[in-house]
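# Need the 3D shape of this:
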Amino acid sequence: MVLMGSKESFEAGIVYLILSKNPEEALKSLAEYFHVETPELRVGMPKGHLKDAACYVSTKKTIFVSDQDNLFNPYVILHEFYHHLRMHDSKHKGTEKYANKFAEEYINAYKLHP
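Reported below is the predicted structural model:
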């Protein structure tokens, strides 16, 4: 379900969904909005990432989060979705800086349009 309204309202709505303990619906809406496949979402980290808060594994098209706190953390979910969004032909086309900026944009929209 893509949220309706302005870009800022959409962004604020995505953050609201995550904070409301519905990150799966947020990812589904983001995927529809950007016309990409919805990534899977799992709690528990894969080998090699045990110390990370979250990661995106492109071969599995899955966002992994370390725990429940990160599952409902908009910054973490949006940051990892950006990595999903920027994968093309199994090559990553985004950077940590831009993933951070993507997440911050949504959070700032939420702060302005709660």
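# Identify the residues contacting stretch 41-51?
If you take Cβ atoms under 8 Å, 6 or more residues apart in numbering as the criterion, stretch 41-51 is touched by 23-24, 27, 52, 54-55, 57, 62-68, 71, 77. Glycine gets a C-beta too; all of them are placed from N, C-alpha and C.
# buried residues in the longest helix belonging to the chain?
Longest helix in the chain, counting residues (DSSP state H): helix 96-112. Buried positions in helix 96-112, judged by neighbour count with 16 or more other Cβ atoms under 10 Å: 99, 102-103, 106-107, 109-110.
# quick one on the thing from earlier: out of the contacts of stretch 41-51, flag the one nearest to E40.
T62 (4.1 Å; Cβ to Cβ).
# What segments of this structure are strands?
40-43, 54-57, 62-65, 87-88, 91-92 (DSSP state E).
# Need those strands in TSV (columns: distance to F10).
What follows is the strands of the chain, written out as TSV (distance: least, Cβ to Cβ, whole Å):
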stretch	distance to F10
strand 40-43	20
strand 54-57	21
strand 62-65	20
strand 87-88	22
strand 91-92	25
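# Redo the ones you listed as TSV? Include mean pLDDT.
Formatted as TSV, the strands of the chain follow (pLDDT from 0 to 100):
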stretch	mean pLDDT
strand 40-43	97
strand 54-57	94
strand 62-65	97
strand 87-88	70
strand 91-92	58
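# And L85, what's its pLDDT?
pLDDT for L85: 92.
# Show me the shaky parts of the protein.
Along the chain, the model assigns pLDDT under 70 to residues 1-4, 88-94, 114.
# which residues sit in contact with the nearest residue in space to H84 that is not next to it in sequence?
Nearest non-adjacent residue to H84, counting by Cβ to Cβ, 6 or more residues apart in numbering: P39, 4.5 Å away. Each residue near P39 by Cβ under 8 Å, 6+ apart is listed here: 27, 31, 56, 61-63, 80-81, 84.
# got it, and A31?
So A31 contacts 37-39 (Cβ under 8 Å, 6+ apart).
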